[in-house]
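J.: My questions are about this predicted structure, shown below with the sequence.
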Amino acid sequence: MGEIRAEVLLPTQELRDDIPFFTKVLGMRMDMIYPADDPSVAVFSGHGLRLRVEKGAAAAPGVLRLLTEAPEEVAEGRRDLTAPNGTRIEVRPLHEPLVMPETVHSFVVRRLADQAPWIIGRAGMHYRDLIPDRLGGSIIASHIRIPDGGPVPDVVHYHTVGFQLIFCYRGWVDLVYEDQGEPFRLHAGNCVIQPPEIRHRVLYASDNIEVIEIGVPAEHVTTIDHEMELPNGPANPGRVFQGQRFVHHKAEGAVWTPFRVPGFRSRDTTIAEHTGDVAGVHVVRPEGAASPWTQHGSDILFTFVMEGGMVLEGEGRAPCQLEAGDAFVIPPGMPVRYAKATQDLEFLEVSLPGVFRTETVAR
């Protein structure tokens, strides 16, 4: 196949008015113009774009968005312009800014038995939303599954996030990360955090793989990196990505210590330490003793029940029997009690920030 070029067609009524705008104001290069005696067509290129401005063309003027790291240096600092031919020009930052919405606190219980729909998302993976209101856009928690194992049709990509956790709930999945060496297998019970903008790729999954994914904020940009190949080298596992280090926490050999709520113990994934206290992640089991009523001071406190069951009691709420696959969010300052925990209970707790106060409440 021979050379192929793509260009965007824009209309004009008077080409001579558009030439100085596209060349001098927008800084593009004029590559072609004709006919010589009375030009009606001009082709401009620049900023990764090729434009064909044609007199009387049956096309809409459209919107041209220029993305730049220095908006003040383009078009004399103007952010919104209109070309003589009617094309609107928007000058915007090259990188989408990370917007962290203020948390809208609420008490949330999401039960697997309620049969919330599974939505087919990126790379053919199935998603179940664990926090439907997303606390005002501050967080998204997804239960993700891939029914059929094998190669995953993923590509090297990264996320513009404040925090992101992948916890392997069932099965296993093969992953590869920027500067972290060769691909590795993430087994059930283990987790990784994906620091902001770390390049990564999902390679291969077992049958019926299930993971819990937490993203902050709820809406964040995923960018495909067409240039980077993974694994890359040499490895630099201690690299800091916007204040966070990559963590691959393994259940095997983890240390169990008393949990913040009496009557339970937990294994700390060390994620708080490696994110500068942005977030904390604990796997929790009952210790045998009855649990008192407590209240916490975390901005976001999310819990996913992985095994067994318990009764969640909340002030002003009817007791809720929870089983594996259920999730809940407790707002700060709300008295709650984790009651009637089964011996095989195990749950995942994710908090933002990583360290916060928990107080026993007299009832």
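T.: Arrived safely, thanks for sending.
J.: domain ranges for the protein?
T.: 8-93, 114-239, 256-360 (automatic domain parsing).
J.: Not including adjacent chain positions, what is the nearest residue to residue 12?
T.: residue 85 (3.8 Å; Cβ to Cβ, 6 or more residues apart in numbering). C-beta here means a position set from N, CA and C on the backbone, and glycine is covered the same way.
J.: Report the separation between the one you found and residue 67.
T.: According to Cβ to Cβ, to the nearest Å, residue 85 and residue 67 sit 21 Å apart.
J.: Which one's more surrounded, these two?
T.: residue 85 (21 against 15; other Cβ atoms under 10 Å).
J.: residues contacting the more buried one?
T.: The contact partners of residue 85, by Cβ atoms under 8 Å, 6 or more residues apart in numbering, come to 10-13, 17-18, 53, 61.
J.: in stretch 196-210, what's buried?
T.: 196-206, 209-210 (16 or more other Cβ atoms under 10 Å).
J.: What about these, which are in strands?
T.: 200-205, 209-210 (DSSP state E).
J.: Show the average pLDDT along stretch 24-34.
T.: Averaging pLDDT along stretch 24-34 gives 96.
J.: Please identify the buried residues of it?
T.: 26, 28.
J.: In contact with residue 56: list those residues for me.
T.: Here residue 56 is in contact with 11, 13, 40 (criterion: Cβ under 8 Å, 6+ apart).
J.: Residue 207 contacts residue 149, doesn't it?
T.: Yes. Counting by Cβ atoms under 8 Å, residue 207 touches residue 149, with 3.9 Å between them.
J.: so what sits against both of these two?
T.: residue 171.
J.: how much distance is there from the lengthiest helix in the chain to the middle of the chain?
T.: In the chain, taking DSSP state H as the definition, the longest helix is helix 15-20. In terms of Cα atoms, centre = their mean, to the nearest Å, the centre of helix 15-20 is set 43 Å apart from its chain centre.
J.: Would you mind writing the CA trace of it as PDB?
T.: Taking Å, rounded to 0.1, in the frame of the first residue of the first chain, the C-alpha atoms of helix 15-20 are listed here in PDB:
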ATOM      1  CA  LEU A  15      -9.000  32.300   1.800                       C
ATOM      2  CA  ARG A  16      -6.800  35.400   1.900                       C
ATOM      3  CA  ASP A  17      -8.300  36.200   5.400                       C
ATOM      4  CA  ASP A  18      -7.500  32.800   6.800                       C
ATOM      5  CA  ILE A  19      -3.900  32.500   5.700                       C
ATOM      6  CA  PRO A  20      -2.400  35.000   8.200                       C
END
